[in-house]
Structure formats: C-alpha cells, structure tokens
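Trainee: Below are the sequence and a predicted model; questions follow.
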Amino acid sequence: MAIDDVSVSAPTEERHPGTYAIDTASTLEVLTLMNEADRTVADAVAVVLPELALLVDHAVEAIRAGGHIHYFGAGTSGRLAVLDAAELLPTFNVPAGLFVAHHAGGNAALVNAVENVEDDIDLGCAEAASLTGLDIAIGLTASGRTPYIRGALEAARERGARTALVTANPQAELAAYADHLIAPATGPEILTGSTRLKAGTAQKLVLNAFSTAVMIRLGRTWSNLMVDVVATNAKLRGRMVRILREASGASDGDARAALDAADGQLKPSLLSLLAGVPVAEAVASLAAHDDSVAVALRALGAPQPL
C-alpha cells in the first residue's frame, strides 16, 4: 500500500529566505551561504541531546538484554543509516547484526533511486516483522512523514520494541509512533527540499553521537581509546602495540608479549598491563564486569592511569 499525502509542508520543504538569488551568486558566495547554513546544524542537534541521551541509555539496556538496534530510512536518511551501522564493525568490533540498517529498496537503492519504495507502508511493516520486545527501532525521515518509516515504527511497536524518530521536523506526524522524538530544527534548506544538506548533516551527527555513546557506555573504549578491536593484520597489530604503550607506559616488548598472551585481543592485554595481572585474570574480570576496562580496573583495586 502506498500513500502520497503532501498536503502539509515540512520545514525542510519551505523556501530559505536568504537564498532566493543563489543561482546568480558567485561560487564563493554559494559556498559561503552553505557554510553559514551548516554552522546552525550543531546548535540544532544540541537542543535534542537530553532526549538522545535517554535513547542511548535504553539502547544500552536493550543490547545488554540481548536486543538489537534497527535503523529504518529511505533515500539520504537510509544511506546515512547504512553508513553508521557499517562503520561500527571496524571501529568497535561490533558483532554482525547488532546494529541493522534497513534501507527502503535494499542495496539497489543505495546508489540509484528506486521509485515508490519510500511511500510503501507495507514494505516498512514487513522489514520490521522480525523485531521483538528486546529491540529498538529508529526511523529516520527528514520530513517526518515517510510512509515506509510509519510502517516500520507501527510494526515495531506492535511487537513491543521501543521506537524513536529522527527527523528535521519538530511537528512530525510520525512522532505519534515514536517513544523518543529526536528532531533537530534545522529549518529550510538553501536549496528548497534538498534534505541531503542541513537535515542530512543533522541526521549524521545524531547517528554518530548515538552509536558512539552506546559503544562507550558498553565499555568498548577505555579513556578516549578504541580498545575493542582484534589484531587481524600487521597494520592493526602495530596500532594496538602503540595504544598499549601509550595507555599503560609498557615497553614495546611487554606490550607485544601481552598482546600475544591475549591472542591478539587488545582489551584484555590492556587490562593485564594496567592492573598488573595475568591475561587470564584480566579476561575473567572483564567478563564479570560488563566487558568494561574501567569497571574491571576498579574491581581489581588498580588505579585508573590516564
């Protein structure tokens, strides 16, 4: 079933009052207008951080209970969702399927426009059919009214999943289907309706902040270091040795020995060096303390060197 209701304009579809003459502006003037508009995005995102923090906390709880995070988007929103989910694996060694990006139209729509898929409520419902009450569904739509997103959030709610809507429309009609409304008010685009600009930038900032904060809360960092990766090649192994040396003050030889003892796993190597315990004890302590180096260090009575 497809719905095409554009009777009410979204803020992203209104004309920007300062760019009526953009087509006759110089190249530098065009770029300056874009830059000035982009500067407003971070401030718009700052306003929604309290609600985003609540969503992060619920996501951490859901993951620890065995749930998964599902993104749903179409067009630019869907592509940004795919990008965020894909980058979590190399950055945080996230298990496959923990963050799932559903893009209306599938892989083909990543590089080519696929007609009508974003207007298909049933398609959104179908793609959320596997969700459970342990999961979180996050719909992304600049206008706040994409039917595909409505279908996904409706179906997710029916299955007991917590829902969120990321949009550039604070008055989004789909807010009725969301437990969390994340709506940075980015306003009209310098090119009317081109939501790959400010609205897209806001969505990228929100997704980056959300997934990174979730990973930090899950203990996949120590201090500001990425420590939940596995050495799969010489380049990564060298990087891990540098992290171990910088974080613990260990010599190159001791860092490499700890990494060898931990089968190339950085986190137990780090805890072993910081706490002065065997790798096996470090592994056990991590398992007992939510896989967090900071919490395990406290449990082992070791100081928190930074």
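Mentor: Yep, that arrived.

Trainee: Tell me how far the residue in the chain sticking out farthest from the centre lies from Gly73.
Mentor: Relative to the C-alpha centroid of the chain, counting by Cα atoms, centre = their mean, Thr24 is the outermost residue, at 37.9 Å. Remark: distance between Thr24 and Gly73 (Cβ to Cβ, to the nearest Å) = 34 Å. To be clear about C-beta, it is placed using only N, CA and C from the backbone, and glycine gets the same treatment.

Trainee: do Ala142 as well
Mentor: 10 Å.

Trainee: okay, these two: which has more neighbours?
Mentor: Between Ala142 and Gly73, counting by other Cβ atoms under 10 Å, Ala142 is the more crowded of the two (32 against 28).

Trainee: my read: Phe72 touches Leu140, true?
Mentor: Yes - the pair Phe72 and Leu140 passes the contact test of Cβ atoms under 8 Å, sitting 6.9 Å apart.

Trainee: shared neighbours of the two, which are they?
Mentor: Shared contacts of Phe72 and Leu140 (Cβ atoms under 8 Å, 6 or more residues apart in numbering): Gly78, Ala81, Ile149.

Trainee: what are the ranges of the helices in the stretch 151-300 of the chain?
Mentor: Ranges of helices within the stretch 151-300 of the chain are 198-217, 234-248, 252-261, 266-275, 279-288, 293-299, based on DSSP state H, counting those that start in this stretch.

Trainee: And for the stretch 1-150 of the chain?
Mentor: All helices of the stretch 1-150 of the chain, identified by DSSP H, counting those that start in this stretch, fall at 27-47, 49-64, 75-92, 108-111, 121-127, 147-158.

Trainee: helices or strands up against the second one?
Mentor: Pointing back at helix 49-64 there. With contacts defined as 3 or more Cβ pairs under 8 Å, 6 or more residues apart in numbering; DSSP states H and E, helix 49-64 has these neighbours: strand 69-73, strand 136-140, strand 162-166, strand 180-182, helix 198-217.

Trainee: And the third one, by the same measure?
Mentor: In this structure, helix 75-92 makes packing contacts with strand 69-73, strand 99-103, helix 108-111, strand 136-140, helix 198-217, judged by 3+ Cβ pairs under 8 Å, 6+ apart.

Trainee: and it, what's its mean pLDDT?
Mentor: Taken as a whole, helix 75-92 carries a mean pLDDT of 93.

Trainee: Next, the angle from it to strand 69-73.
Mentor: 150 degrees (axes from the mean of the first three to the mean of the last three Cα atoms, to 10 degrees).

Trainee: Tell me the buried residues in helix 75-92?
Mentor: Judged by neighbour count (16 or more other Cβ atoms under 10 Å), helix 75-92 contains these buried residues: 75-82, 84-85, 87-88, 91-92.

Trainee: and Ala255, which of the helices of the stretch 1-150 of the chain is closest to it?
Mentor: The closest of the helices of the stretch 1-150 of the chain to Ala255 is helix 75-92. By Cβ to Cβ, the value is 21.1 Å.

Trainee: Packed most tightly, which of the helices and strands packed on helix 49-64 would that be?
Mentor: Ranked by average neighbour count under the criterion mean count of other Cβ atoms under 10 Å, these are headed by strand 136-140 at a mean of 30.

Trainee: quick revisit: flag whichever of the helices and strands packed on helix 75-92 has the least confidence on average.
Mentor: Minimum mean pLDDT among these: helix 108-111, a mean of 84.
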